[in-house]
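Chemist: What follows is a protein structure lacking sequence information:
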């Protein structure tokens with residue numbers, strides 16, 4: 001493998017990591033922001049009120065994006081293993 005090939009794979013790996021992490025992080029961010037706005041409006045300050053919905057939203061986002069994420073990850077790994085086997 002040449003240095004350019006390795007750098008390209010590392011760049012693609014980092015973008016794939018970002019794409020895989022975005023749905024659960026975005027879901028947690030949006031739910032956390034919504035709960036914080038509701039807490040501010042109602043003056044209810046309870047720590048569990050923010051954590052439970054964020055965890056639930058994150059798990060739902062992981063569940064919904066799981067097949068897409070696994071497909072993208074498998075495609076990347078197959079491409080990398082093909083390059084390794086070819087000795088590129």
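Modeler: Sure thing, it's come through. Just so we're clear, the structure is a prediction, and the values are computed from it rather than from any experiment.
Chemist: Distance check, residue 14 against residue 42.
Modeler: For residue 14, the distance to residue 42 equals 41 Å [C-beta to C-beta, to the nearest Å]. Yep, even glycine has a C-beta here, placed from its N, CA and C like the rest.
Chemist: What of residue 11?
Modeler: 46 Å.
Chemist: Residue 64 too?
Modeler: Applying C-beta to C-beta to residue 64 and residue 42 gives a distance of 29 Å.
Chemist: Who has more neighbours out of those two?
Modeler: residue 64 (13 against 9; other C-beta atoms under 10 Å).
Chemist: wait, what's in contact with the more buried one?
Modeler: residue 23 (C-beta atoms under 8 Å, 6 or more residues apart in numbering).
Chemist: name the element it belongs to?
Modeler: For residue 64, the element it lies in under DSSP states H and E is helix 47-86.
Chemist: Can you mark which positions in that helix are buried?
Modeler: 50, 53, 54, 57, 58, 61, 65, 69 (16 or more other C-beta atoms under 10 Å).
Chemist: wait, the fourth one sits on residue 28?
Modeler: If I follow you right, that is residue 57. Yes: under the criterion of C-beta atoms under 8 Å, residue 57 makes contact with residue 28 at 5.8 Å.
Chemist: rewinding a little: which one of the buried residues of helix 47-86 sits closest to residue 4?
Modeler: residue 69 (27.3 Å; C-beta to C-beta).
Chemist: Without its sequence neighbours, what residue ends up closest to that closest one?
Modeler: Residue nearest to residue 69 in three dimensions, not counting chain neighbours: residue 20, with 4.9 Å by C-beta to C-beta, 6 or more residues apart in numbering.
Chemist: just the angle between the strand or helix carrying the one you found and helix 47-86, please?
Modeler: Per DSSP H and E, residue 20 falls inside helix 3-42. Calculated by axes from the mean of the first three to the mean of the last three C-alpha atoms, to 10 degrees, helix 3-42 forms an angle of 170 degrees with helix 47-86.
Chemist: Does anything pack onto helix 3-42? Which helices or strands?
Modeler: If you count contacts as 3 or more C-beta pairs under 8 Å, 6 or more residues apart in numbering; DSSP states H and E, helix 3-42 packs onto helix 47-86.
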